[in-house]
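Visitor: Below is the structure, and that's it, no one-letter string:
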């Protein structure tokens with residue numbers, strides 16, 4: 001009957017809402033903000049870890065080893081200030097936005113300088129496939145950064161997912177380290193098209209991860 005169909009439809013909607021709801025596992029807002037804020041600053045140990053991760057990623061690009069590049073992306077703390085910028089905009093915290101942007105700038109400069117130094121003193125005959133793959137951004141890179149960023153902010157806002165492998169997975173999927181290393185390679189070898197394309201990919205990924213964080217914060221508010 002029509003009434004029975006209406007009841008079943010209502011039950012289905014309630015079931016779907018319950019399955020997709022993010023409220024039940026949502027961590028306290030102050031706790032989430034504190035967690036993200038703690039990963040924003042780039043100085044001391046954080047900066048040294050980034051520098052060593054850039055060396056590892058550069059070695060991976062030099063030897064054309066995907067496994068080494070993935071390892072470098074897991075080591076890198078680059079996600080902190082990028083998510084921090086999106087959160088700062090999302091919660092209207094201008095001071096957090098400024099801190100995150102400053103850290104993002106410092107991290108980007110040190111990364112490019114480190115990669116440039118490495119490739120300037122390392123003999124490399126020609127660009128390998130892993131290097132070439134970071135020089136031509138596509139719409140797929142934008143979508144990966146967007147959906148990866150959404151996964152990241154949902155995990156950070158969830159008490160059950162925060163300590164899992166989501167954030168490292170986002171770091172691998174969005175591939176922030178290789179474009180920075182490729183930028184350094186382009187500068188060291190005088191190939192400005194490589195450098196510009198790779199740095200553009202890095203900026204695009206960073207912007208869309210931040211945008212995804214902003215969207216996620218508003219959805220979960």
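Guide: That came through, no problem. Because the structure is a prediction, the values reported are computed rather than measured. Residues are numbered from 1 along each chain as shown.
Visitor: Toward the C-terminus, what is the element adjacent to the worst-scoring helix or strand of the chain on mean pLDDT?
Guide: Least confident helix or strand, the chain: helix 129-132 with a mean of 58, by mean pLDDT, DSSP states H and E. Per DSSP states H and E, the first helix or strand lying C-terminal to helix 129-132 is helix 139-156.
Visitor: hang on, isn't residue 181 packed against residue 56?
Guide: No: using CB atoms under 8 Å as the test, residue 181 is too far from residue 56 to be in contact (9.5 Å). For glycine as for every other residue, the C-beta is placed from the backbone atoms N, C-alpha and C.
Visitor: neighbour count winner among the two?
Guide: residue 181 (33 against 20; other CB atoms under 10 Å).
Visitor: now the host helix or strand of that one: mean pLDDT?
Guide: Taking DSSP H and E as the criterion, residue 181 maps to helix 177-189. Computed over helix 177-189, the mean pLDDT rounds to 87.
Visitor: And stretch 64-72, by the same measure?
Guide: Mean predicted confidence for stretch 64-72 is 82.
Visitor: what helices or strands is the following helix or strand past the helix holding residue 181 leaning on?
Guide: For helix 177-189, the following helix or strand on the C-terminal side (DSSP H and E) is helix 192-220. Helix 192-220 is packed against helix 79-90, helix 94-121, helix 139-156, helix 166-174, helix 177-189, with contacts defined by 3 or more CB pairs under 8 Å, 6 or more residues apart in numbering; DSSP states H and E.
Visitor: buried residues in the second one?
Guide: Going back to what we said before, that points to helix 94-121. Residues of helix 94-121 classed as buried: 96-97, 99-101, 103-104, 106-108, 110-112, 114-119 (neighbour count, 16 or more other CB atoms under 10 Å).
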